[in-house]
Structure formats: structure tokens, C-alpha cells
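[1] need a 3D model of the sequence below.
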Amino acid sequence: MSLSEHISPLLGRLILAWFFLSQAWAYAHGWDANVTLLAMRHIPVAPLVLLLSLVVMTLGGLSLALGFNARHGALLLFAFTMIASFALQDFWHVTNAADKAADYDLFARNMAIAGGLLMIVGLGPGAFALDGPGKKKG
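    Residues are numbered from 1 along each chain as shown. Next comes the predicted model:
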């Protein structure tokens, strides 16, 4: 196996982990504003939804960063990303062209991230992971 086949999964996991962990940090530090935004989108019990989102992003991000149960962490983040995308980026209902384009860009970005997460689910975390190839499975 080549060096790039060992390094690429690690770098991919770390970049995805950075995305989710940095988003969790930003959402936590803008708690009140984010609760208000969720409520404006008619998300019920917005504070609880935000708290659960922070937990999922943090645990999933750590799972990817460490390569520990990375397939499960990626699957959890995939489900979270899909639910959040369809709940929050409803560009198909937006009539203003600029707002529609911005919502579509966020939706498309989230679909690309979801695709990367599915790659981890299907192919595993790679060699440089706590539960990578050759590690005893429980």
C-alpha cells in the first residue's frame, strides 16, 4: 500500500473532524443567536435540538479525529448532516434569487460532506486509526 493510501484517509478524517468540531465550538459560543435562528426556522424545542446537535458534532468529530469507532461516528454525522440539511436549507421554497442561491450553496456543501462521511462508513478509517486495519474487532 502506498504512502498516499495511508495518509489520505487520515487527512480526510482530520479535515472532516475539524469541520464538525469547529462548528460545534462556534454554535456553542453563539448559543442565544443559534437558538433564535432555530426557533425562526420553526424547529421545536430549539435549545434541546441545539444541545443534541452539539453533542453529535463533538462526539462524531472526536470519533473521526481519533479513528475510534470512526464508521459509527461517520454514520452518526451523515444522518445528522442529512437531517439538518433538509430541515434548515429549504432552497426549493425560497423565492428571492440571492437567498435561494445561498441556501443551495449550503445544501450542496452539506451533501458533499455527507458523501465524504459515507466514504468513511464504506471504506473504514484507514491505517492510522485507533480501530484501523489489523486492530482486533470486538
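
[2] now do the contacts for the residue nearest the centre of the chain.
    Nearest to the mean C-alpha position of the chain, by CA atoms, centre = their mean, lies Leu77 at 4.5 Å. With contact taken as CB atoms under 8 Å, 6 or more residues apart in numbering, Leu77 is in contact with 16, 20, 56-57, 60-61, 64, 117. To be clear about C-beta, it is placed using only N, CA and C from the backbone, and glycine gets the same treatment.

[3] how about a cut-off of 6 Å?
    Counting by CB atoms under 6 Å, 6 or more residues apart in numbering, Leu77 touches 60, 117.

[4] please state the backbone phi and psi of Trp126?
    Rather than Trp, residue 126 is Gly. Phi and psi for Gly126, reported as degrees, to the nearest 10, are phi 90, psi -180.

[5] try Asn96
    phi -70, psi 130.

[6] how near is it to Ala33?
    Going from Asn96 to Ala33 by CB to CB, to the nearest Å gives 22 Å.
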